[in-house]
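Enquirer: Structure for the following, please:
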Amino acid sequence: MATPEHPEGADTGEHTFLSHLLELRDRLLRAVLCIVLVLLALMPFANQVYEWLSSPLLAQISATGGQMLATSVVSPFMAPSKLVCFVAVMISAPYLFYQLWAFVAPGLYRHEKRLAMPLLVSSTLLFYCGIAFARFVLFPLVFGFLAAIQLDGVSYAPDINEFLDFALLMFFAFGMAFEVPVATFLVVKTGIATRKSLAEKRPYIVVGAFVVAAVLTPPDPISQTMMAVPMWLLYELGMLFCRLFIQEEAAEEGAASDNKALTP
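Expert: Numbering: from 1, shown residues only. Alright, predicted model coming up:
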């Protein structure tokens, strides 16, 4: 029987809060364990992974007899290790997102679940696509451009840590840039803007894409264009998804205009 000092509702609320904390702890431990296991599996191949990543740059500088440099004592170990940590997180991302989904899904409504799961899956795939685009399309073009504009008498020998920092920055930047369709869909779905208003702002969005690319990429025209143009195309893809999957907007706009007409 509940007493004034220990009301029954308080005990239930405390129990629920503690159970959520325990579940969160268990899911975080599973996520960390997954990353650690993948990392341990990748560590013996750290050098090969780094060589694969740097192969577009090595192909350019080796043509002129150049090579990459390690300016720190621990760089030959730290650079590949840092890379495989990033790769381990990327490989584990679907499982990490599953743990996140399993934790928050019980508190969502049915229509929120129908919306959240496709967005979660599509955003993950688009982030992977952005990384793949940077590695297989951007890197060969950018490094070829940089190698072609070398100064006479200057040896082009990039540091392995600086190259890795550049590569990870490009992966993150292009991964986020490829989320434009998801962001566009959410903006329209949540009512922040309509398809019509976004279509009217298309020139500003294109200019904004080039501004963002100029901030996130190196100061060369190739990398900036290679980010801005896909962002614009992905924005158009997001607009297409809005047109296909958000059909009620036109009816809502028509009802709103009818209500305004009837208002004295």
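Enquirer: and stretch 165-178, how far out from the chain's middle?
Expert: 8 Å (CA atoms, centre = their mean, to the nearest Å).
Enquirer: Okay, buried residues for that stretch please.
Expert: By neighbour count with 16 or more other CB atoms under 10 Å, stretch 165-178 contains the buried residues Ala167, Leu168, Met170, Phe171, Phe172, Ala173, Phe174, Gly175, Met176, Ala177, Phe178. Every C-beta, even on glycine, is put in place using the N, C-alpha and C of the backbone.
Enquirer: Go through those residues and name the one nearest Leu119.
Expert: Nearest to Leu119 among the buried residues of stretch 165-178, counting by CB to CB, is Phe178 at 13.9 Å.
Enquirer: Now for Phe86: which residues touch it?
Expert: Applying CB atoms under 8 Å, 6 or more residues apart in numbering to Phe86 gives the contacts Leu168, Phe171.
Enquirer: Looking at it now. What's its pLDDT?
Expert: pLDDT, Phe86: 96.
Enquirer: Check Ala167 too.
Expert: On the pLDDT scale, Ala167 gets 94.
Enquirer: Where is the longest helix in this structure?
Expert: helix 8-42 (DSSP state H).
Enquirer: helices and strands around that helix, which ones?
Expert: Judged by 3 or more CB pairs under 8 Å, 6 or more residues apart in numbering; DSSP states H and E, the packing partners of helix 8-42 are helix 75-104.
Enquirer: number of nearby residues for the closest residue to Arg195 other than its chain neighbours?
Expert: Take Arg195 and drop its neighbours on the chain: the residue closest to it by CB to CB, 6 or more residues apart in numbering is Cys242, 5.3 Å away. Neighbour count of Cys242, defined by other CB atoms under 10 Å: 23.
Enquirer: so what's Cys242 up against?
Expert: Shown in contact with Cys242 (CB under 8 Å, 6+ apart): Thr184, Phe185, Val188, Lys189, Arg195, Leu198, Glu249.
Enquirer: Among those residues, which lie within strands?
Expert: Among the contacts of Cys242, no residue falls in strands (DSSP state E).
Enquirer: Which members of those residues are classed as buried?
Expert: Buried among those (16+ other CB under 10 Å): Thr184, Phe185, Val188, Arg195, Leu198, Glu249.
Enquirer: contacting residues around the fifth one?
Expert: In other words, Leu198. Neighbours of Leu198 in contact, by CB under 8 Å, 6+ apart: Thr184, Val187, Val188, Ile205, Met239, Cys242.
Enquirer: does the last one sit in a helix or strand, and which one?
Expert: Counting by DSSP states H and E, the secondary-structure element that holds Cys242 is helix 221-245.
Enquirer: same question, the fourth one
Expert: Ile205 is part of helix 202-216 when elements are defined by DSSP H and E.
Enquirer: average pLDDT across that helix?
Expert: For helix 202-216, mean pLDDT rounds to 90.
Enquirer: Pull out the buried positions in that helix.
Expert: Buried residues in helix 202-216, defined by neighbour count with 16+ other CB under 10 Å: Ile205, Ala209, Phe210, Val212, Ala213, Leu216.
Enquirer: again, but for stretch 92-99
Expert: Buried, per 16+ other CB under 10 Å, within stretch 92-99: Ser92, Leu96, Phe97, Gln99.
Enquirer: Figure out how far that stretch is from the centre of its chain.
Expert: 14 Å.
Enquirer: ok, the residue nearest to Arg195 to Met117 distance?
Expert: 18 Å (CB to CB, to the nearest Å).
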